[in-house]
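>>> got a predicted structure here, sequence first:
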Amino acid sequence: MSKEKKFVCEKNEELELDITDLGSTGEGIGKIDGYTLFVKDALIGDKVRVKVIKTKKNYGYARLLEIIKPSEFRVEPECPVARQCGGCQLQHCSYEKQLSWKEEKVANCLRRIGGVPVYTEEEYKKIVAGKSDGSKSVENTLNGTPIIMEPILRMDRPVHYRNKAQFPVGYDKDGNLVAGFYAGRTHSIIPQTDCLIQHECNKQIVETVLEFMKKYKVTAYDEKKNKGIVRHILTRVGKTTGEVMVCLIINAKKLPYPEEFVEMIRNCGINLEIKSITVNINREKTNVILGEKIETLYGHSYIEDYIGDIKYRISPLSFYQVNPEQTKKLYQTALEFADIKESEVVWDLYCGIGTISLFMAQTAAKVCGVEIVPQAIEDAKQNAELNHMTNTEFFVGAAEDVVPTQYEKSGGKLRADVVTIDPPRKGCDEKLLETVVKMAPSRIVYVSCDPGTLARDVKVLVERGYEVKRVRACDMFGGSFHVETVVGLQRKSM
Ligand code: SAH
């Protein structure tokens, strides 16, 4: 590249662009003379007019001004505030296209970063038929023995799937009391009580809270002044049990008019059972939503729900998967890939409240779970008890510390038949992967919410004697760019 090479685009320039790809967070990508522009809300196949807002050496960002010719995949978002709200990035894309894009994203990462020849069924068919366009990383010929992904686990309908909602409460510019969502990357609240991906009962609950606040002159919290009372409304719904929790997060020692509040919420008109009404005290000047203290105003401090046959107790503070129907499919897939025999020992790393551990404990001789958050481990132990499971043991601490320490302690004798790994987005520490390899499990099941770090870690395992046997993606968050993946690996016989 010559030093004199000028930017093709200037800031504030308006231009026409063909969107030819989607970036990792669902934004449209178009190229002008080899210079890449990222355009939020533009879709692959769109012809658009944009305004350049930021330029860097090799790429820039532009704002969508007009869709000149819409993509064949473009649909009208079902949610009226989809574009302002930061929550769903792909509501303007047909669900079918969202799913195939997510599958391709996983295969692409596993090939490019992981060095493993994983293809979606579509990609494979095209290559075999000689119809691959040879674009991106999809070659025209197969590289090694191909691993064909199993079809993505899809939702029946990607709406009303979440079981947990957190609505910030505040005032709009005219001083009206509102609850809704933060506009993408800001803290200004878009009034919206009827979110498309939340449970339908939220609308009545949130509107009743606002009515209560108006009637009894209970103020909303003002972040800038650190004044006012109600900060957030948290709701949780047990999708299987139909139990509902309402938790008000307040900046005060006590909620004024608690009995009136309980009365109004219990009579808010939803046809599910309100089992828990609580307040959570958060008096800190912070972005963190929940404080530590919970006070029960009505019923229990928790609700209960099931994933498959396993029962979970959920408090306002506990972590619980937000899409239990898809979680069930995801963990059934993990269980299938793990193929556990009754005599086998499983280590479940990054176990949270023991969701996967308890699933595996239904078959395994013993399951050991490792998790960094002490409260989650308390919940995991309680959940094991609730389900009368006595074949589990849980360890608190970072997996990359606990597992190597236990391995050392055993004098290098610690073994597992199966290891399941379900880390946060940043993936695993290499030290952990090395110890896992030393424990010589015959199967490793890696559940991941980030295809990039998944592929990086799979590469390490493949280099150390494992081979990828099965790959399946799961759509837990329809309308968003997120995708979950399960990879089943097997130890090669030495
Ligand atoms: N398997 C669980 C949780 C998965 S989310 C479930 O499906 O419910 C990832 C979990 O990893 C979180 O609970 C998080 O607290 C935990 N975690 C994050 N870093 C960790 C680390 N270094 N060691 C162990 N656990 C960790």
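Right, received. Where do you want to start?
>>> following the longest helix seen in the chain, which helix or strand comes up?
When the chain is parsed with DSSP state H, its longest helix is helix 95-112. With elements assigned by DSSP states H and E, the helix or strand that comes after helix 95-112 is strand 118-119.
>>> packing partners for that next one?
Strand 118-119 sits against helix 95-112, strand 147-148, with contacts defined as 3 or more C-beta pairs under 8 Å, 6 or more residues apart in numbering; DSSP states H and E. Where C-beta positions appear, they are placed from N, C-alpha and C, glycine not excepted.
>>> and the residue of the stretch 201-350 of the chain found nearest the ligand, how many neighbours?
With C-beta to the nearest ligand atom, the shortest gap between the stretch 201-350 of the chain and the ligand falls at Y350, namely 3.5 Å. Neighbour count for Y350, taken as other C-beta atoms under 10 Å: 20.
>>> grab the longest strand from the chain for me.
For the chain, the strand with the greatest residue count under DSSP state E is strand 59-69.
>>> what's the neighbour count on the residue of the chain found nearest the ligand?
Residue of the chain nearest the ligand, by C-beta to the nearest ligand atom: G352 (2.8 Å). A count of nearby residues for G352, using other C-beta under 10 Å, gives 21.
>>> that one: which element?
Judged by DSSP H and E, G352 forms part of no helix or strand.
>>> residue contacts, it?
G352 sits next to 319, 371, 373, 376, 380, 422 when contact means C-beta atoms under 8 Å, 6 or more residues apart in numbering.
>>> distance of the fourth one relative to R313?
In this case it means A376. Using C-beta to C-beta, to the nearest Å, A376 is found at 12 Å from R313.
>>> spell out which parts of this protein neighbour the ligand.
Residues of the chain lying close to the ligand by C-beta under 6 Å from any ligand atom are 319, 321, 350-353, 355-356, 370-373, 376, 398-400, 422-424.
>>> and the residues you listed, which are buried?
Listed as buried from the residues of the chain next to the ligand are 321, 350-353, 355-356, 370-372, 376, 399-400, 422-423; burial here means 16 or more other C-beta atoms under 10 Å.
>>> strands of the stretch 351-494 of the chain, start to end?
Taking DSSP state E, counting those that start in this stretch as the test, the strands found in the stretch 351-494 of the chain are 366-371, 392-396, 418-421, 443-448, 466-474, 484-491.
>>> any idea how far stretch 384-394 is from the middle of the chain?
The chain centroid and the centroid of stretch 384-394 are separated by 26 Å under C-alpha atoms, centre = their mean, to the nearest Å.
>>> count the neighbours of the closest residue to T453 other than its chain neighbours for me.
Nearest residue to T453 in three dimensions, chain neighbours excluded: G427, at 3.0 Å (C-beta to C-beta, 6 or more residues apart in numbering). By other C-beta under 10 Å, 22 other residues sit near G427.
>>> in space, what's closest to W101 - neighbours in sequence excluded?
Closest residue in space to W101, ignoring its immediate chain neighbours: L22 at 5.9 Å, by C-beta to C-beta, 6+ apart.
>>> count the neighbours of the one you found for me.
25.
>>> roughly how far is stretch 185-202 from the heart of the chain?
Counting by C-alpha atoms, centre = their mean, stretch 185-202 is centred 17 Å from the centre of its parent chain.
>>> many thanks, have a good one.
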